[in-house]
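*Asks:* Below is the sequence, then the predicted model.
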Amino acid sequence: MKKKHASQTKTKLSRWLGSRDEGSSMVEFAIMLPVLLILFAGGAELGRLFYTYTTLVKATEVGARYLSTSRDATSPVVADAAAAKLRAQSLAVCGYTSCTGQTPVVPGLSPATNIAVTFPVRNNIKYVKVQIQAYNYAPGVFNLANFTGLANTVFYFGLTPATEMRYMQ
């Protein structure tokens, strides 16, 4: 009887001590969690950066398309040409010919400081160029510079998309 009781105790003890794996998965998770969070934050920030850049590219395309067909863009009357440029800048910033009461397509974009309109000529052909200048991408919730301890300028830089189209008039 004693032998049976001892073997039962021994098997219960070996089950209790020998094959416990529940804690190892928790330790592995605790080790990998910071790495997974940094990967998630980096992916989210990269996605925001690409979204912002493509939005700015499309905004320059809208402004250039408007100017490429506008008769007023190269008008000898200075006021008409300036008004056409201002309308193109507003189209690039907010999608309307006047940004009064409208929100920009990306935060911090302004017609006066960020949109440059030029009319280059190459081989006697006029072109229209709309370019975004000095637009600094703002970090979001997941600021990669905070995670790494490096300066903000290492990760976030000025975006300068431009669109050039042939002047059709």
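*Replies:* Happy to help now that I have it. Please read all numbers here as calculations on a predicted model, not as lab measurements.

*Asks:* going forward, measure contacts and count neighbours with C-alpha atoms only.
*Replies:* Noted.

*Asks:* In terms of helix, strand or coil, where does the residue nearest the centre of the chain fall?
*Replies:* Closest to where the C-alpha atoms of the chain average out (Cα atoms, centre = their mean) is residue 49, at 1.9 Å. Taking DSSP: H, G, I helix; E, B strand; the rest coil as the rule, one finds residue 49 in the helix state.

*Asks:* Which residue, other than its chain neighbours, is closest to it?
*Replies:* residue 137 (7.5 Å; Cα to Cα, 6 or more residues apart in numbering).

*Asks:* Could you check how far the one you found is from residue 77?
*Replies:* Distance of residue 137 to residue 77, given as Cα to Cα, to the nearest Å: 37 Å.

*Asks:* Between those two, tell me which one has more neighbours.
*Replies:* A count of neighbours by other Cα atoms under 10 Å puts residue 137 above the other of residue 137 and residue 77, at 18 against 10.

*Asks:* what sits against that one?
*Replies:* Contact analysis of residue 137 by Cα atoms under 8 Å, 6 or more residues apart in numbering lists 49, 52, 156-159.

*Asks:* same deal with residue 103?
*Replies:* residue 94.

*Asks:* SS state for it?
*Replies:* Assignment for residue 103 (three-state DSSP): coil.

*Asks:* In terms of pLDDT, where does residue 4 sit?
*Replies:* Predicted confidence (pLDDT) for residue 4: 63.

*Asks:* now residue 145
*Replies:* Looking at residue 145, its pLDDT is 69.

*Asks:* Adjust the sequence numbering to begin at 20 for everything that follows.
*Replies:* With the count now opening at 20, the last piece we talked about shows up as residue 164.

*Asks:* From what I see, residue 75 and residue 155 are in contact.
*Replies:* No - counting by Cα atoms under 8 Å, residue 75 does not reach residue 155; the two are 11.7 Å apart.

*Asks:* Moving C-terminal from the lowest-mean-pLDDT helix or strand in the chain, which element do we reach first?
*Replies:* Ranked by mean pLDDT, DSSP states H and E, the weakest helix or strand in the chain is helix 171-174, scoring a mean of 59. Sequence order places strand 177-178 as the next helix or strand after helix 171-174, per DSSP states H and E.

*Asks:* Parallel or antiparallel, which strands does that next one pair with?
*Replies:* With DSSP bridges as the test, strand 177-178 is paired with strand 154-155 (antiparallel).

*Asks:* Report the mean confidence score over the longest strand anywhere in the chain.
*Replies:* The strand that spans the most residues within the chain, counting by DSSP state E, is strand 144-151. Strand 144-151 shows a mean pLDDT of 93.

*Asks:* List the strands paired with that strand, with their directions.
*Replies:* For strand 144-151, pairing defined by DSSP bridges yields strand 134-137 (antiparallel), strand 140-141 (antiparallel), strand 181-185 (antiparallel).
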